[in-house]
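K.L.:
following is a predicted model, sequence given first.
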Amino acid sequence: MDRFDLSFLHLRFLDIVDIILVAIIIYYLYNLIRGTIAVNIVLGLIIIYLVYIVTEQLHMRLLSNILGGFVSVGFLALIIVFQQEIRRFLLLIGKNAALHRNKIWETFIPGNKEAENINIPAIKHIIEACKTMQHSRTGALIVFAKYFDDQYYQNTGEAIDGFISKRLIESIFKKNSPLHDGAMVISEGKIKCASCILPVSDNIKLPAQYGLRHRAGIGITELSDAVAVIVSEETGQLAYAKQGRVRMDVTYEDLEKLLIRDI
Ligand SMILES: Nc1ncnc2c1ncn2[C@@H]1O[C@H](COP(=O)(O)OP(=O)(O)OP(=O)(O)O)[C@@H](O)[C@H]1O
């Protein structure tokens, strides 16, 4: 039984909490980088670190000094290399901590139901516009952002700040409209801007047939808590992207439910 004596570990209750918290953080970080090129970077860093430890133990001074140089700036290098992932991680924490995301609290906030209802006529306009664009095979990329972030949107597009209407959406994406290229961003109940260039997803697991429109729609949902609706010019299919994942062939009924839930 001596073999199972773990008393030398001196584990306190707080140590167990500590380990669980670190495991949760690692799990969330892994979920954020899963399927992206960042996984290869992490593997590269782990390999460098392991080789460094081995060369240290074997007193291979030249190699261990070179690798030691990398390891000593490791933390700073990690922040620079993973700035997008760190940003996503912080957004995830902030998003989950935000009071308005907590469904239990929402039921106690007066006026919250009315806020939901304000969105419904806008959602109807969006769905009607998607129907027309789907039938006419007009490509479209509509992003719904909870927090309007200039860094991603306004800097690259045209500010509009207009009320959501079926005809406005259709005319923006009409093939010969000057604003049809790029994404339209809806936030705070308004069409904030159009023709925005979004960050394109570098997820290596995405099917090869996904072109730039789909990759841009997925990309913005990887980096922020926005959701995106994509109308394919090629197939007329509707797609819905959220948190870096995409759902293809979405029906109008599903789209309505998803938008009511997410925006
Ligand atoms: N970074 C970007 N941000 C926003 N929109 C983009 C971006 N890159 C490309 N687009 C839009 O995607 C269009 C090109 O779509 P592409 O054919 O490559 O995509 P797709 O995913 O195959 O979609 P489709 O099924 O509509 O062809 C461009 O005309 C432009 O409007």
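P.N.:
Yep, that arrived. Computed from a predicted model, the values in this text were never measured in an experiment. Numbering: from 1, shown residues only.
K.L.:
make it CA atoms for all contacts and neighbour counts henceforth
P.N.:
Fine.
K.L.:
please, where are all the strands along the protein?
P.N.:
For the chain, the strands defined by DSSP state E cover 140-145, 158-163, 183-187, 190-196, 227-231, 238-242, 245-247.
K.L.:
turn the ones you listed into a markdown table, including distance to residue 120, mean pLDDT and mean neighbour count.
P.N.:
A markdown table is the format used below for the strands of the chain (distance: least, Cα to Cα, whole Å; pLDDT from 0 to 100; neighbours: other Cα atoms under 10 Å):
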| stretch | distance to residue 120 | mean pLDDT | mean neighbour count |
| --- | --- | --- | --- |
| strand 140-145 | 14 | 93 | 26 |
| strand 158-163 | 13 | 91 | 15 |
| strand 183-187 | 14 | 92 | 26 |
| strand 190-196 | 13 | 93 | 22 |
| strand 227-231 | 16 | 95 | 27 |
| strand 238-242 | 18 | 94 | 23 |
| strand 245-247 | 22 | 91 | 16 |
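K.L.:
now render those as TSV, adding distance to residue 175.
P.N.:
TSV is the format used below for the strands of the chain (distance: least, Cα to Cα, whole Å):
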stretch	distance to residue 175
strand 140-145	10
strand 158-163	17
strand 183-187	13
strand 190-196	12
strand 227-231	13
strand 238-242	18
strand 245-247	25
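K.L.:
format these as a markdown table; extra columns: distance to the ligand.
P.N.:
Listed next are the strands of the chain as a markdown table, based on distance: least, Cα to the nearest ligand atom, whole Å:
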| stretch | distance to the ligand |
| --- | --- |
| strand 140-145 | 7 |
| strand 158-163 | 13 |
| strand 183-187 | 5 |
| strand 190-196 | 6 |
| strand 227-231 | 6 |
| strand 238-242 | 9 |
| strand 245-247 | 12 |
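K.L.:
what's the closest of these to residue 26?
P.N.:
The closest approach between residue 26 and any of those, judged by Cα to Cα, belongs to strand 245-247 at 20.0 Å.
K.L.:
ok now stretch 126-141, how far from the chain's centre?
P.N.:
On the basis of Cα atoms, centre = their mean, to the nearest Å, stretch 126-141 sits 24 Å off its chain's mean C-alpha point.
K.L.:
buried ones in it, by neighbour count?
P.N.:
126-131, 133-134, 137-141 (16 or more other Cα atoms under 10 Å).
K.L.:
quick one: residues in contact with that stretch.
P.N.:
With contact meaning Cα atoms under 8 Å, 6 or more residues apart in numbering, stretch 126-141 is reached by 164-167, 169-170, 173-175, 180, 182-184, 213, 217, 228-238, 252, 255-256.
K.L.:
pull the CA atoms of it into CSV?
P.N.:
The C-alpha coordinates for stretch 126-141 follow below in CSV (Å, rounded to 0.1, in the frame of the first residue of the first chain):
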residue,chain,number,x,y,z
ILE,A,126,-32.9,40.6,-42.8
ILE,A,127,-34.6,37.2,-43.6
GLU,A,128,-36.7,38.7,-46.4
ALA,A,129,-33.6,40.3,-47.9
CYS,A,130,-31.7,36.9,-47.6
LYS,A,131,-34.6,35.2,-49.4
THR,A,132,-34.5,37.7,-52.3
MET,A,133,-30.7,37.5,-52.5
GLN,A,134,-30.8,33.7,-52.4
HIS,A,135,-33.2,33.6,-55.3
SER,A,136,-31.2,36.1,-57.3
ARG,A,137,-27.9,34.4,-56.4
THR,A,138,-26.5,37.6,-54.9
GLY,A,139,-23.6,37.0,-52.6
ALA,A,140,-23.9,38.6,-49.2
LEU,A,141,-22.0,38.6,-45.9
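K.L.:
no more questions from me, cheers.
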